[in-house]
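Engineer: Generate coordinates for the sequence data below:
(2 chains)
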Protein chains: 2
Amino acid sequence: MMSWEDNVRKVVPYTAGEQPRGTGVIKLNTNESPYPPAPGVAAKIAALDAEQMRLYPAFPEKTELAAALADYYGIGTDELFIGVGSDDVLCQAFVTFFNSDKPILFPDITYSFYDVWADLYRIPYKRQPLDENFLIRKEDYIPRESGMENGGIVFPNPNAPTGVLMSVSEIEEIVAANRDVVVIVDEAYIDFGGTSCLPLIHKYDNLLVVQTFSKSRAMAGMRIGYAMGNPRLIKYLNDVKYSVNSYTMNYTALQLGVESVKDTAYFNECCEKIVRTRETAEKELTRLGFTFPKSYGNFIFAAHGSMPAKEIFEKLKENDIYVRYWNKERIDNHLRITIGTDEQMQALYRALENIL
Amino acid sequence: MMSWEDNVRKVVPYTAGEQPRGTGVIKLNTNESPYPPAPGVAAKIAALDAEQMRLYPAFPEKTELAAALADYYGIGTDELFIGVGSDDVLCQAFVTFFNSDKPILFPDITYSFYDVWADLYRIPYKRQPLDENFLIRKEDYIPRESGMENGGIVFPNPNAPTGVLMSVSEIEEIVAANRDVVVIVDEAYIDFGGTSCLPLIHKYDNLLVVQTFSKSRAMAGMRIGYAMGNPRLIKYLNDVKYSVNSYTMNYTALQLGVESVKDTAYFNECCEKIVRTRETAEKELTRLGFTFPKSYGNFIFAAHGSMPAKEIFEKLKENDIYVRYWNKERIDNHLRITIGTDEQMQALYRALENIL
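Structural biologist: I've put the predicted structure just below:
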């Protein structure tokens, strides 16, 4: 007897970090910004008009938000795709561009949504191992060097959860060596001291650069992400998007998002503060006996010399300090610690002193 | 020479209705509500907190919005899935439940997103023709009568763009005759006089009922839709959803949506006003020489006795009145006219008098 359950697409979903809601909690587990969005966002709330909500929202590419982003990056609005956080953008890009029989490539230690999307859409993939220092081995992504053909490439830069940055010249080598497939560079964490490979989109039509409002723009709650690439890539992405849902970005996200983009001074100030706090964190964590690769993200991926990561993770949680821990091969002795405010980090160091 | 374009998923996207933005325009083309959202929505805007936006939003099933919807419908929150408009919900349901080699079935004249999703995800499908009065032929969906096996069924009730309602007992026959596949009933327009088949979800574990905030709740701009079904269906849907994007519903949608659900009196009042205006529209359009099936939606699907629909459509547009026209087989002499306010409809009748 057939059952409807026989035709269900059964998947193992991605597990997001815990979302404790409580005033006493220090939340250093999902790489949110410790600072509020640009002041213009709060100011704009009062100008939101409920009456407008009865209408379908504007198409994102025709909004002030698109114009502001295009202006900020010095690109055309036809080089920009806007979605519901970079997860939506990346997922649509997988569906749009990764349709080869050859495996797509991504690092073995990386954003753990890549294999979830590949499994969901039955895209073959191969994980290329990071080296022992958690560096991406560039040659693994260059077919003539690795001897390995591929159906596409995706990696974060800086990589997650390691924070390790790849240089633009290395990225260019990868993109140039893979002109027959799309290379997606996921720059969710690029604003914390890294250099974006965005200028390469004008040289390589197979490069898609993805960024987000969830980290450096402190708007994770509003779900805004975007991709930048040549107009043909963007058109294909929009065709798929408009085959899924005509209207993904709601009125409030479009209205409030633009206020963040307009305030470059505040944006730079917040990014710089986070970088400075990270520099202090490097010293403090070293003092406390942690080791970690140099991070260019708003987090540090650290292992302790004597105490297992899982134990530290659990003890911090008992102290209402949440960091991220994965019980996964190769990284099960590491913690990913989001850079919070200086005050939050001081509380973390104090807690670690007690625990260790 | 291979190109990255060889591996692009090339699709023909759905074309949404035009979105003219101008104060002079009478917009009767995308079935939006002519009334604003519940007053509580406007009131809640002032309480939105920009500081909260730095955090990822809550998981929808754990929000006040889910609790309010579950309470309103007398179901459990585990029988409810919330997404970015019913398009998002339906699309995820296609991916989750329609994985058979047998074709899914839907009417030939229906919501034109169904074949777009099927094409996108390479789901085989067969369009079952409506009869000459635009009625769904129930027997076409009952395998032992049609001799036609299927991999799933989806149809709107009332159907779009016809407005024709199917009785709950007929729906029950279809659901009962297809226990081996999932039957999706898309109730986007059910609140304008139709009877929901929702109670059947407790009798049939293969029934998924989908509704939206975009029509009767006047919140198209906020992108909120939901599906109701037994907890196993909902779990599978959530597994796929959490394999696509951990956070689809932003903070503001979750905060504002709940205010609509709380205000049953206002909701009923708006629905009743639209039904009354539709009743007047039936008389006026008949007087003007139109024919149409009895509609249970917030629109009327009408053909004129002498003037071609395309011509009326274009002339109305010259008068800044937008209705919907499809240049498609079988329906290319029909207009879908959204029910607006009484004032907007009076302007429509006057314009039609001049045109005809």
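Engineer: how about the helices in chain A?
Structural biologist: A:39-45, A:64-73, A:85-97, A:114-120, A:143-146, A:168-176, A:231-241, A:251-262, A:264-287, A:309-318, A:342-355 (DSSP state H).
Engineer: Just send these back as a markdown table, with mean neighbour count too.
Structural biologist: Using the backbone N, CA and C atoms, a C-beta is placed for each residue, glycine as well. As requested, those are arranged in a markdown table below (neighbours: other Cβ atoms under 10 Å in any protein chain shown):
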| stretch | mean neighbour count |
| --- | --- |
| helix A:39-45 | 18 |
| helix A:64-73 | 19 |
| helix A:85-97 | 26 |
| helix A:114-120 | 21 |
| helix A:143-146 | 13 |
| helix A:168-176 | 18 |
| helix A:231-241 | 20 |
| helix A:251-262 | 25 |
| helix A:264-287 | 16 |
| helix A:309-318 | 17 |
| helix A:342-355 | 16 |
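Engineer: Reformat those helices as a markdown table; add mean pLDDT.
Structural biologist: Listed next are those as a markdown table, based on pLDDT from 0 to 100:
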| stretch | mean pLDDT |
| --- | --- |
| helix A:39-45 | 98 |
| helix A:64-73 | 98 |
| helix A:85-97 | 97 |
| helix A:114-120 | 96 |
| helix A:143-146 | 95 |
| helix A:168-176 | 98 |
| helix A:231-241 | 97 |
| helix A:251-262 | 98 |
| helix A:264-287 | 98 |
| helix A:309-318 | 98 |
| helix A:342-355 | 98 |
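Engineer: Quick check: the residue of the stretch 201-350 of chain A nearest chain B.
Structural biologist: Closest approach of the stretch 201-350 of chain A to chain B (Cβ to the nearest Cβ) occurs at A:Y242, with a separation of 3.4 Å.
Engineer: before we move on, back to that, out of the helices of chain A, nearest to A:D6?
Structural biologist: helix A:114-120 (18.1 Å; Cβ to Cβ).
Engineer: Now tell me what touches that closest one from outside.
Structural biologist: When contacts are taken as Cβ atoms under 8 Å, 6 or more residues apart in numbering or on different chains, the neighbours of helix A:114-120 outside the stretch itself are A:9, A:11-14, A:90-91, A:94, A:98, A:104, A:106, A:123-125, A:127, A:154, B:95, B:240, B:243-244.
Engineer: burial measure for A:V12, as a count.
Structural biologist: Other residues near A:V12 number 12, with proximity taken as other Cβ atoms under 10 Å in any protein chain shown.
Engineer: The residue of the stretch 201-350 of chain A closest to chain B contacts B:D87, correct?
Structural biologist: No. Contact status for A:Y242 versus B:D87: not in contact, 10.4 Å apart, counting by Cβ atoms under 8 Å.
Engineer: do you know which of the helices of chain A lies nearest B:Q52?
Structural biologist: Across these, B:Q52 has its closest neighbour in helix A:39-45 (10.6 Å, Cβ to Cβ).
Engineer: So which elements touch the closest one?
Structural biologist: Where contact means 3 or more Cβ pairs under 8 Å, 6 or more residues apart in numbering or on different chains; DSSP states H and E, helix A:39-45 is packed against helix A:251-262.
Engineer: TSV for the helices of chain A, including distance to B:L65?
Structural biologist: Converted to TSV, the helices of chain A look like this (distance: least, Cβ to Cβ, whole Å):
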stretch	distance to B:L65
helix A:39-45	19
helix A:64-73	25
helix A:85-97	19
helix A:114-120	25
helix A:143-146	48
helix A:168-176	41
helix A:231-241	25
helix A:251-262	15
helix A:264-287	30
helix A:309-318	28
helix A:342-355	30
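Engineer: Can you tell me the closest non-neighbouring residue to A:H202?
Structural biologist: Among residues not flanking A:H202 along the chain, A:N230 sits closest, at 7.7 Å (Cβ to Cβ, 6 or more residues apart in numbering or on different chains).
Engineer: what do you get for A:N238?
Structural biologist: Spatial nearest neighbour of A:N238, excluding adjacent residues (Cβ to Cβ, 6+ apart): A:F81 at 6.2 Å.
Engineer: my read: that neighbour touches A:V240, true?
Structural biologist: No. With contact defined as Cβ under 8 Å, A:F81 does not reach A:V240; the gap is 9.9 Å.
Engineer: intersection of neighbour lists for the two?
Structural biologist: Contacts common to A:F81 and A:V240, judged by Cβ under 8 Å, 6+ apart, are A:Q92.
Engineer: how close does the closest residue to A:K126 other than its chain neighbours sit to chain B?
Structural biologist: Once its chain neighbours are removed from consideration, A:K126 has its nearest residue in A:P103; the separation is 4.2 Å (Cβ to Cβ, 6+ apart). The spacing between A:P103 and chain B, counted by Cβ to the nearest Cβ, to the nearest Å, is 12 Å.
Engineer: Repeat that for A:A351.
Structural biologist: For A:A351, the distance to chain B (Cβ to the nearest Cβ) stands at 21 Å.
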